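> sequence below, structure please.
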Amino acid sequence: MAFCECVGFHDCAYSRCKITQASLGYIGEKYSTNTQARKMQLKQELHNLQKNKMNINDYSTKVKNLADALASIGAPVDDEDLVAVTLNGFGKDYS
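You can find the predicted model right below:
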């Protein structure tokens, strides 16, 4: 698949390339698939996260990083869910 068509030059220098419509569709499809897989992976990691022997600072940083990663791909975690996930990660020792 050609990712660009040359515009006005004999050799295709990157400075004068235009992206073809088919290439944009291909890139969009691959990005969408990867984003969905990444979103599922991050959500599962967040929901399965346990504090265990981590100190509270490391644990809260890990929770925040996962929530930030989800937000960066367009899947923000709402505050209620974030609180619930965080508290569930403490386990039975903190009941």
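
> which parts of this protein are strands?
4-6, 17-19 (DSSP state E).

> rank these by pLDDT, which is bottom?
Per-stretch mean pLDDT for these is lowest at strand 4-6 (a mean of 49).

> who's in contact with residue 79?
By Cβ atoms under 8 Å, 6 or more residues apart in numbering, no residues touch residue 79. Heads up, the C-betas are built off the backbone N, CA and C, glycines and all.

> quick one: it from residue 86, how far?
Between residue 79 and residue 86 the computed distance is 10 Å (Cβ to Cβ, to the nearest Å).

> state the number of residues packed around residue 41.
Per other Cβ atoms under 10 Å, the neighbour tally for residue 41 reads 11.

> wait, residue 91
With other Cβ under 10 Å as criterion, residue 91 counts 11.

> again with residue 52
Residue 52 is flanked by 10 other residues according to other Cβ under 10 Å.

> excluding covalently adjacent residues, which one is nearest to it?
Nearest non-adjacent residue to residue 52, counting by Cβ to Cβ, 6 or more residues apart in numbering: residue 91, 7.4 Å away.
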